[in-house]
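Undergrad: give me coordinates for this.
(one chain, ligands or ions: 1)
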Amino acid sequence: MNIVLLGAPGAGKGTQAAKLVEKYQLPHISTGDMLRAAVKAGTPLGVKAKSFMDAGELVPDDVIIGLVTERLQDADAAQGFILDGFPRTSIQAVALDSELSRLGRPLDAALLIDVDFEVIVARLTSRRMCEVCGYIGTAADAVCPKCGGAMYQREDDKESVVRNRLNVYETSTAPLIDYYRGCDLLVTIDGDRDVALVFADVQKSLNLS
Ligand code: AP5
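TA: Okay, here's the model as predicted:
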């Protein structure tokens, strides 16, 4: 199963991807996670990406397309994949189609997780992450409930940056909704419900049980 997860920042793509990974053992290819790992490791890619990410802007297409194209060559991706946070521009979508057609592995679905922007602002500004194990919690977690590690707020989860990310989404990424509708691959899921209910719809839409 080859899936693209679409949706605004904070719509719940990562949350639903984690559930798909747990249940169906599909590789999760998250460009945000890949970039954050590169920033943490201080690689040339991380150094280049950091200022774009901190400002809520998109990292240049050529950098991201190279990263994903390379990742899709890995053996595990031949059994299927969940792309989370890619594509995010029309140029990325066309590049993905061309790479998947070269590999003979077309997309099965583009799942749009749809959530109102004000709900998203509330979700993201209260999100906190554990700097040790990556656990995702809220501002109510003084320390990580899983490992006791320190919790921090992502630079791009501050309100002004969240609002810029939503503007960037509207301008650059939302047009992909029509792109995938035109390819007859689009499935829209109401993401403003309990995580388990959203996941039940995700499974149903993919004919998974
Ligand atoms: P990335 O990490 O992809 O950020 P994003 O899309 O903005 O994703 P988020 O992780 O914020 O949101 P999500 O939809 O995954 O939601 P989540 O499940 O975490 O990208 C970061 C940056 O990297 C970009 O801004 C850009 O600079 C760069 N980048 C990445 N990919 C790129 C690309 N292709 N091209 C160019 N640049 C790129 O959930 C969010 C919160 O809501 C959590 O706290 C969660 O617990 C909560 N939540 C989730 N579901 C629910 C629910 N149903 N009900 C209540 N709360 C919920």
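Undergrad: skip the chain neighbours and tell me the closest residue to whatever residue of the chain ends up closest to the ligand.
TA: Residue nearest to the ligand within the chain: residue 32 (1.8 Å; C-beta to the nearest ligand atom). (Glycine included, C-beta is placed from N, CA and C.) Nearest residue to residue 32, sequence neighbours excluded (C-beta to C-beta, 6 or more residues apart in numbering): residue 85, at 4.7 Å.
Undergrad: can you report how many residues neighbour the nearest residue to residue 15 once chain neighbours are set aside?
TA: Leaving out its chain neighbours, the residue that sits closest to residue 15 by C-beta to C-beta, 6+ apart is residue 195, at 5.9 Å. Using other C-beta atoms under 10 Å, residue 195 has 13 other residues around it.
Undergrad: where does the protein dip in pLDDT?
TA: Counting by pLDDT under 70, the chain contains low-confidence ranges at 209.
Undergrad: what parts of it come near the ligand?
TA: Within reach of the ligand by C-beta under 6 Å from any ligand atom, the chain has these residues: 7, 9-15, 31-32, 35, 52-53, 56-59, 64, 85-86, 88, 92, 123, 127, 136, 156, 165, 191, 195, 198.
Undergrad: give me the buried subset of the residues you listed.
TA: Among the residues of the chain next to the ligand, those buried by neighbour count (16 or more other C-beta atoms under 10 Å) are 7, 9-15, 31-32, 35, 53, 56, 58-59, 64, 85-86, 88, 92, 123, 127, 156, 165, 191, 198.
Undergrad: longest helix in the protein, please.
TA: Counting residues, the longest helix found in the chain (DSSP state H) is helix 90-103.
Undergrad: one step back: which of the residues of the chain next to the ligand fall in helices?
TA: In this view, the residues of the chain next to the ligand that belong to helices under DSSP H are 13-15, 31-32, 35, 52-53, 64, 92, 123, 165, 195, 198.
Undergrad: got CSV for these, with distance to residue 204 too?
TA: As requested, those are arranged in CSV below (distance: C-beta to C-beta, whole Å):
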residue, distance to residue 204
13, 18
14, 20
15, 17
31, 27
32, 26
35, 32
52, 36
53, 34
64, 31
92, 28
123, 24
165, 29
195, 15
198, 11
